[in-house]
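Participant: Sequence and predicted structure below; questions after.
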Amino acid sequence: MALEVVVRTRRAGRARASAVCLTLAVLCFAVLCVSLALGDVTIPVFDVVATLFGGGDAGAGYIVTELRLPRGLVAVLAGAAFGLSGAIFQSLTRNSLASPDIIGITAGASAAAVVALLVFNVRGAGVSLAALAGALGSAAVIYAVAWRGGVSGYRFVLSGVAMAAMLTSVVSYCLTRVEVHLARDALAWLTGSLNAKSWDTATTLGIGVAILAPAALVAGRWLTALQVGDDLARVQGVHVERARLGLLAVAVALAAVATAAVGPVAFVAFVAGPIARRLAGGGGPGLVPAALVGALVMTAADVVGQHAIAGTQFPVGVVTAIIGGPYLLWLLVITNRVGRGD
Amino acid sequence: MAAPERTTAPPNGRLAFGLVTLAVVLAVVSVVSIAVGARSVGLGVVLDVVGGNGSGSSDHQVVAARLPRLFAGLLVGAGLGLAGAVMQGVTRNPLADPGLFGVNAGAAFAVVAAISWFGVDEPLRYVWFAFAGAAVVGAAVYAVGSMGGGGATPVKITLAGAAVNAVLLSVTTAVLLTDSATFNQHRFWTVGSIAGRRGDLVAQLAPFLLAGVVLALVAGRLLNVLALGDDVARGLGQRVGSARALAGAATILLCGAATAIAGPISFVGLLVPHVARRITGPDQRWILPYSMLLAPVLLLGSDVLGRVVAPPGEIQVGVVLAFVGAPFLMVLLRNRKLREL
């Protein structure tokens, strides 16, 4: 009897999660198609879809696949990577505020990229490499600093906050040392933008996500075990420290790859997890919905930034900051009120 | 390993002597901060000018030009140190710091908004924006951080502060992307520095800081009572609400005016009260004056360090302090049981 209820509830939960994932995927594809349709030359959405499935005429095909698709794909992939990374961090630390934006991971990427841009005059792919190295390096330092016979969630998070403060001051310092037009270039990178993304970026990012996303989903099993507490996870046969290190590594790598491609786009990692949890319900970490929400937020924000105000184009990071900021404040209130803020 | 926290205070005579010693140290650091720089000046000349024998020689002019920076450092340091001590006392939270809690960022954002959107560039007028920003953001962070089970734990408030910082930072960045002229001013200000501050700006904001200092020092006795917990404080006849309001007003005056002068500076308010507490024990009536004198020593010392390490340029004091303060916070996280204070 009781078992039946449990089984039925679980089945209902799983059905809901699947439905949510499907809806999100469809929405995401729809927004992607809209983003491919809009531009200097507007192409009917049906033609866009036809082109994507191999049909359509050659002129529209060139515009869609060569000019607009890289940007759209980068948005989807980077959004998904940010979403996954944020959801893993948040579940791991059991705190909705602990996204890579806030605990120093993206700050590491920013500081390294700004140093590369302004001090060493690096451009292009070199900046992405620097950002990648910066994110991984700052995460390693935070982990080492927070280590004390194991890493507790709050010590990792607060060490990250300290690290972020230090790295932000590096960025500020670098911005005061150069001509104003160079500083503005750096500021544009710091905002995060999808402008001028080619197939190169899309391919590199695609390879990164193709390796890391399955790893994240596999490691998600441990996440569910860790969520109930270290002791219970040990009972289930999970090697707690090793699992945590593995999850952190995957999450950091995802954030690093995405930041390297598009810059530190604000708050996508932060909002994806909580929205996904609320939509999909259930107590699990919900990594797949989080990835889809991340992709959706990123693509939609870019469409808004490009086309909402005629004649003015905002980088995607401005839009996510303006939407994400108030949402973050609201979430802060809700999170702490229900007592999940640790 | 850290030395155990003092639970008994040293005798008052020794603490008073320590305070006098600290004042002497501060005086020495002040003189050094005038003497050291791109062009170093002999200590004798500095003492000459301070003694009122200023003649027209170029060395004397150098000293006169550096005086506003010294006063800015003294006022900002004392303000941030006291604000940190008051915040740590009233929230009973060892991680309280005007920078980490977003108070300075709130003041900074309000000043940017005042300059960029409302065209207010008079210090005497934009300081009110700074106060408002500090008050709103400080209150919001504290309110958000203290909701839910367990009250205002250090972790919750610090994260709330970091999150609010992130929001303000990205909104400010978004504003600055479209406004090159404001960005050009802002980048030199947001790094946190006491260089190149005009004497009249410092003089105009000094009364606010002095008022904050008086309020904060008066609050010492109240903080002692609050440290016993709200229930005991009420039982002793203390009005908890009004004590908190007094402490809050002091914090806002101190942080708002300090940020209006120097830009957002973190970690002074975190670090200094911990050092002060190590020396004095738990009595707030001693912690506060010690913090007030220790903080300018730290600030001016960091400023001198920033001038010396990278000639011919200089590293702003806000950056130096971040590199001193962040490792300190990390050590603090390892060595203390955070929920105790």
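Facilitator: Nice, I can see it. Numbers count the residues shown, from 1 in each chain, chains lettered A, B, ... in the order given.
Participant: Let me know whether the host helix or strand of residue B:140 sits next to chain A.
Facilitator: Using DSSP states H and E, residue B:140 sits within helix B:123-145. Yes: judged by C-beta under 8 Å from any C-beta of the partner chain, helix B:123-145 comes into contact with chain A at B:140, B:144, B:145. Quick note: C-beta positions are derived from backbone N, CA and C, even for glycine.
Participant: wait, isn't the first one in contact with residue B:164?
Facilitator: Meaning residue B:140. Yes: in this structure, residue B:140 is within contact of residue B:164 by C-beta atoms under 8 Å, at 6.9 Å.
Participant: intersection of neighbour lists for these two?
Facilitator: Counting by C-beta atoms under 8 Å, 6 or more residues apart in numbering or on different chains, the shared contacts of residue B:140 and residue B:164 are residue A:329.
Participant: for the strand or helix carrying residue B:330, packing partners?
Facilitator: Per DSSP H and E: residue B:330 is located in helix B:317-335. Helix B:317-335 is packed against helix A:125-146, helix A:153-176, helix B:268-280, helix B:284-309, with contacts defined by 3 or more C-beta pairs under 8 Å, 6 or more residues apart in numbering or on different chains; DSSP states H and E.
Participant: For residue B:203, find the nearest of the ones you listed.
Facilitator: Closest approach to residue B:203 among the helices and strands packed on helix B:317-335 is made by helix B:284-309 (17.1 Å; C-beta to C-beta).
Participant: other SSEs contacting the closest one?
Facilitator: Here helix B:284-309 touches helix B:12-35, helix B:58-91, helix B:199-226, helix B:268-280, helix B:317-335, going by 3+ C-beta pairs under 8 Å, 6+ apart.
Participant: One more pass at 10 Å, please.
Facilitator: helix B:12-35, helix B:58-91, helix B:199-226, helix B:240-262, helix B:268-280, helix B:317-335 (3 or more C-beta pairs under 10 Å, 6 or more residues apart in numbering or on different chains; DSSP states H and E).
Participant: Give me the buried positions along stretch A:226-244.
Facilitator: Neighbour counts over stretch A:226-244 (16 or more other C-beta atoms under 10 Å in any protein chain shown) mark A:226, A:230, A:233, A:238, A:240, A:243, A:244 as buried.
Participant: what about it, how long is it end to end?
Facilitator: Stretch A:226-244 has an end-to-end distance of 8 Å (criterion: C-alpha to C-alpha, to the nearest Å).
Participant: Format the helices and strands packed on helix B:284-309 as a markdown table; extra columns: distance to residue A:302.
Facilitator: Formatted as a markdown table, these follow (distance: least, C-beta to C-beta, whole Å):
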| stretch | distance to residue A:302 |
| --- | --- |
| helix B:12-35 | 50 |
| helix B:58-91 | 41 |
| helix B:199-226 | 42 |
| helix B:240-262 | 35 |
| helix B:268-280 | 39 |
| helix B:317-335 | 33 |
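Participant: Dump these into a markdown table; add mean neighbour count, distance to residue B:169 and mean pLDDT as well.
Facilitator: As requested, those are exported to a markdown table (neighbours: other C-beta atoms under 10 Å in any protein chain shown; distance: least, C-beta to C-beta, whole Å; pLDDT from 0 to 100):
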| stretch | mean neighbour count | distance to residue B:169 | mean pLDDT |
| --- | --- | --- | --- |
| helix B:12-35 | 15 | 30 | 88 |
| helix B:58-91 | 24 | 20 | 86 |
| helix B:199-226 | 19 | 24 | 88 |
| helix B:240-262 | 24 | 15 | 86 |
| helix B:268-280 | 25 | 19 | 88 |
| helix B:317-335 | 22 | 14 | 86 |
